[in-house]
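Trainee: need a structure here:
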Amino acid sequence: MRNHAAPRDIPPPLELECLKALWRIGDGTVKDVRRMVTENRNLAYTTVMTVLDRLVKRGAAERRKTGRSFTYKPRVDRDALRHLALKEFVDSFFDGSEEQLLNYLSSSHSRPLAEAANGAAPASVDTEPLATELL
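Mentor: Numbers count the residues shown, from 1 in each chain. Next up, the predicted model:
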């Protein structure tokens, strides 16, 4: 698997769902990936096939012919993609400063995403475990 990724390697949401399925199963056919992805939504077989083909073209997955079908396997490492996504987030919202992110997470302005989405008042948040995981 590749250990690096470029910004263009961060896949859009549906591609990311299929990539997550591949990370869970290791390698699989369109049918295998579709079974995992359709736990939360209904997607046509051809849609999943097209998305997996895009991942191959992007370099995030590889495929090999197995009998009459293709088997797909992830080429990008989950942690490498997480790191890249987090770096883009920090660059976009915190001027590239991890310290600014940590300060934000530990400030009274920060609150859990569920509370923020529901308009709840800010609560005291223990950010030490989160901060440690992010870095």
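Trainee: all contacts plus neighbour counts: C-alpha atoms, from now on.
Mentor: Fine.
Trainee: end to end, how far does stretch 17-31 reach?
Mentor: Terminal residues of stretch 17-31 lie 14 Å apart, using CA to CA, to the nearest Å.
Trainee: Buried ones in the one helix or strand T50 maps to, by neighbour count?
Mentor: If you go by DSSP states H and E, T50 is part of helix 45-58. Buried residues in helix 45-58, counted by 16 or more other CA atoms under 10 Å: V48, M49, V51, L52, D53, L55, V56.
Trainee: what angle do the helix or strand just after that helix and helix 45-58 make?
Mentor: Using DSSP H and E, the helix or strand that follows helix 45-58 in sequence is strand 61-66. Taking axes from the mean of the first three to the mean of the last three CA atoms, to 10 degrees, one finds strand 61-66 and helix 45-58 inclined to each other by 120 degrees.
Trainee: Take strand 61-66, keep the C-alpha atoms, and write them as CSV.
Mentor: What follows is strand 61-66 as a C-alpha-only set of coordinates in CSV (Å, rounded to 0.1, in the frame of the first residue of the first chain):
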residue,chain,number,x,y,z
ALA,A,61,-7.4,0.9,-5.4
GLU,A,62,-6.1,-1.8,-7.7
ARG,A,63,-8.0,-4.6,-9.4
ARG,A,64,-7.2,-8.0,-10.8
LYS,A,65,-9.2,-10.4,-13.0
THR,A,66,-10.5,-13.3,-11.0
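Trainee: Identify all contacting residues around it.
Mentor: Applying CA atoms under 8 Å, 6 or more residues apart in numbering, the contact partners of strand 61-66 are L19, L52, L55, V56, F70, T71, Y72, K73, P74, R75, V76.
Trainee: before we move on, back to that, just give me the closest of the buried residues of helix 45-58 to F93.
Mentor: Within the set of those, L55 lies nearest F93; the separation is 27.4 Å, counting by CA to CA.
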